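In: Need the 3D shape of this:
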Amino acid sequence: MLERIHLRIIHAVHQQGSLTAAAKELCVTQSALSHTMRKLEDNLGTAVWVRDGRSLRLTQAGHYLLNIASRALPLLCGAEERLKQIAMGERGTLRIGMECHPCYQWLLKVVSPFLETWPGVDVDVKQKFQFGGVGALLDYEIDLLVTPDPYFKSGLVFEPVFDYEQVLVVPKDHKLTAKKFAQAEDLRDQVLFTYPVSKDRLDIYTQFLNPDQVIPKQHKTVETTDIMLQMVACGRGVAALPRWLAEEYSTKLPLSVVRLGKNGIAKQIYLGTREGDSNIDYLSAFIKMAQCYKHPVAVSPE
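Out: Numbering: from 1, shown residues only. Model (predicted):
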């Protein structure tokens, strides 16, 4: 009874906001779309959505189908793409998910030699996931996850790549440059720049500010590292980044690096994969390349 077109319609209506827009997206008439869904509702014996003025509101059954569609459609698309690649004699595409914003620069330095070594393999990088990085890995939206926060779950494997220290980046003439290390209280009157990540996943909060119940003067999110550090260099605020990245930018901009706490914040970057993919040669090769590559200015906490 339930076919792929039903899931596509549910997903399209949710994304587009109306039957008319969804029909246009799917290249069908609105009447054909409505007929298809009415037939499904008749077969199921329950409504998928109800009208609420000019809009449609999903029922409990509709929400369940939307959840299934959000997971199943990417998996089916990925399977079709992989089968096409096999039919054309290609090795495939390595889909990399990034949960580490500042690691993008590091990733580029690994991807370049990988592409040269594996000419039959393409690389695609994703930074936004509907159900988080681990969910994307389990749902086959990605093949490899770059993350500082491994989630050890049955069916997944996380390999450590390198250690790093999370530090505070401040303007060159900032008052904190006179201190050996920053304390949480030092940030109470500061504007803090971070990537657009929830606070419960930001080390500057979970391992530094929250234990001392300190809230910075203001918290602003910035998408890109370049803009974030330009703002810091201009005295607009401070930021928390890996030491290797902070020191790299401090050679280009008037920035200084300050340790977070007496002992610093030690972290690791991991590469996560599915256990069942251990026999994919190019995936294993990428992991080995990543583990061999050491960032030239990476340092461990003293």
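
In: hmm, what's the outermost residue in this protein?
Out: residue 42 (39.6 Å; C-alpha atoms, centre = their mean).

In: Could I get the buried residue list for the helix or strand encompassing it?
Out: Using DSSP states H and E, residue 42 falls within helix 30-44. Going by neighbour count (16 or more other C-beta atoms under 10 Å), the buried part of helix 30-44 is 33, 36-37, 40-41. (C-beta placed from N, C-alpha, C; glycine too.)

In: Need those residues in CSV (columns: distance to residue 66 and pLDDT).
Out: CSV is the format used below for the buried residues of helix 30-44 (distance: C-beta to C-beta, whole Å; pLDDT from 0 to 100):
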residue, distance to residue 66, pLDDT
33, 16, 91
36, 16, 93
37, 13, 91
40, 13, 92
41, 15, 91
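
In: Other residues contacting stretch 37-49?
Out: Outside of stretch 37-49, the residues within contact range by C-beta atoms under 8 Å, 6 or more residues apart in numbering are 1-2, 6, 9-10, 13, 56-59, 61-62, 65.

In: Stretch 188-202 too?
Out: By C-beta under 8 Å, 6+ apart, stretch 188-202 touches 101-102, 149, 204-206, 214-223, 228, 231-232, 236-240.

In: rerun that using 7 Å as the cut-off
Out: Contact with stretch 188-202 is made by 101, 149, 204-206, 214, 216-223, 228, 231-232, 236-240, as judged by C-beta atoms under 7 Å, 6 or more residues apart in numbering.

In: For the stretch 101-250 of the chain, give me the ranges with low pLDDT.
Out: 129-131 (pLDDT under 70).

In: let's see it at 90
Out: 101-106, 108-109, 119-122, 126-141, 148-154, 162, 196-198, 200-201, 223-224 (pLDDT under 90).

In: At which residues are the helices of it located?
Out: Using DSSP state H, counting those that start in this stretch, the helices of the stretch 101-250 of the chain run over 104-117, 132-138, 203, 225-233, 243-250.

In: I'd like the distance from the third one to the chain centre, please.
Out: Distance of helix 203 from the chain centroid (C-alpha atoms, centre = their mean, to the nearest Å) equals 16 Å.

In: what's the answer for the second one, then?
Out: Relative to the chain's own centre, helix 132-138 is displaced by 9 Å; criterion: C-alpha atoms, centre = their mean.

In: residues near residue 275, how many?
Out: 9 (other C-beta atoms under 10 Å).

In: same deal with residue 50?
Out: Residue 50 has 10 nearby residues by other C-beta under 10 Å.

In: Am I right that it is in a strand?
Out: Yes. Judged by DSSP: H, G, I helix; E, B strand; the rest coil, residue 50 forms part of a strand.

In: hang on, isn't it packed against residue 59?
Out: Yes. Using C-beta atoms under 7 Å, residue 50 makes contact with residue 59 at a distance of 6.2 Å.

In: Can you mark which positions in the lengthiest helix in the chain are buried?
Out: Longest helix in the chain, counting residues (DSSP state H): helix 60-87. If you call a residue buried by 16+ other C-beta under 10 Å, then helix 60-87 has these buried ones: 62, 65-66, 69-71, 74, 78, 85.

In: just how off-centre is the helix holding residue 42 within its chain?
Out: 36 Å.

In: for stretch 38-48, same thing?
Out: With C-alpha atoms, centre = their mean, you get 36 Å for stretch 38-48.
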